[in-house]
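Chemist: Structure for the following, please:
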Amino acid sequence: MGAEMDHSDSHVHPKLKKQVRDLCTTVEWCLAQNPRLPIPALILVYSGIDGMAWLTMPDGHEDVRGADFQAWVKEYLLPDAGLACDEADLWAARCGLVHAQIMDSQSARHDRARHIWYHVGPGNQLLIPIHEVSRELPVTISVETFVAAFRSATERFFERIEQDGGLERRVSARASRYFDEVKAR
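Modeler: Alright, predicted model coming up:
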């Protein structure tokens, strides 16, 4: 997992490493439960992508937009991910799940993206909205493959931070704004 890159000479901000490690640990915990908790796991992954996109935005921008999310997905998550979707499909799925915990989103309704259904393994279980009407056949992705792609994407992202001083500076400045754990008296 990318968060385990904890070399003393690392240029990846320690708060970022902890944030990603905690997020991935919680996602894995959701998927290890019986019964599994795939919807919370997916919401956490989509939120994690939002957070990674926020870190990479140009200076002076404070709010993640769809274009930022999609750029991060295209650069870091989709290469070698084995997902049958693109960055627009993932943005639409993120909007539906994070905002309403459903499959549908404005982008998909306006034919700018395909709906996503999820395969939850092991076994042949699918997360599908039985009563949802879709004009186009949705794509199906594996929750486990999506989670693994997010872990790989964070590793790629951390490697890029190590190589790109400008990105390191921008990410470090933003990551320093993460919450600190302090003991209250």
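Chemist: what's the span of stretch 120-137, first residue to last?
Modeler: Stretch 120-137 has its terminal residues 19 Å apart, counting by Cα to Cα, to the nearest Å.
Chemist: brain fart, stretch 54-70
Modeler: The first-to-last residue distance of stretch 54-70 comes to 11 Å (Cα to Cα).
Chemist: What residues of it count as buried?
Modeler: Neighbour counts over stretch 54-70 (16 or more other Cβ atoms under 10 Å) mark 54, 55, 56, 57, 64, 66, 68, 69, 70 as buried. For glycine as for every other residue, the C-beta is placed from the backbone atoms N, C-alpha and C.
Chemist: ok, now stretch 90-103?
Modeler: Buried residues in stretch 90-103, counting neighbours by 16+ other Cβ under 10 Å, are found at 90, 91, 92, 93, 94, 95, 96, 97, 103.
Chemist: Now do it: everything it contacts.
Modeler: 39, 42-43, 46-47, 49-50, 66, 69-70, 73, 77, 83, 85, 104-108, 112-117, 128-129, 132, 134, 138 (Cβ atoms under 8 Å, 6 or more residues apart in numbering).
Chemist: What of stretch 140-157?
Modeler: Stretch 140-157 has contacts (Cβ under 8 Å, 6+ apart) with 1-3, 5, 20, 24, 27-28, 31, 38, 41-42, 45, 48-49, 52, 56, 72-73, 76-85, 116-121, 126-127.
Chemist: and it, C-alpha only, in PDB?
Modeler: The C-alpha coordinates for stretch 140-157 follow below in PDB (Å, rounded to 0.1, in the frame of the first residue of the first chain):
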ATOM      1  CA  THR A 140     -19.700  -3.400 -14.000                       C
ATOM      2  CA  ILE A 141     -16.500  -3.100 -12.000                       C
ATOM      3  CA  SER A 142     -15.200  -5.200  -9.100                       C
ATOM      4  CA  VAL A 143     -15.100  -3.400  -5.800                       C
ATOM      5  CA  GLU A 144     -11.900  -5.200  -4.900                       C
ATOM      6  CA  THR A 145     -10.300  -4.200  -8.200                       C
ATOM      7  CA  PHE A 146     -11.400  -0.600  -7.600                       C
ATOM      8  CA  VAL A 147      -9.900  -0.600  -4.100                       C
ATOM      9  CA  ALA A 148      -6.700  -2.200  -5.400                       C
ATOM     10  CA  ALA A 149      -6.500   0.400  -8.200                       C
ATOM     11  CA  PHE A 150      -6.800   3.200  -5.500                       C
ATOM     12  CA  ARG A 151      -4.000   1.700  -3.500                       C
ATOM     13  CA  SER A 152      -1.800   1.500  -6.600                       C
ATOM     14  CA  ALA A 153      -2.800   5.000  -7.600                       C
ATOM     15  CA  THR A 154      -1.600   6.400  -4.200                       C
ATOM     16  CA  GLU A 155       1.700   4.600  -4.700                       C
ATOM     17  CA  ARG A 156       2.100   6.100  -8.200                       C
ATOM     18  CA  PHE A 157       1.100   9.500  -6.700                       C
END
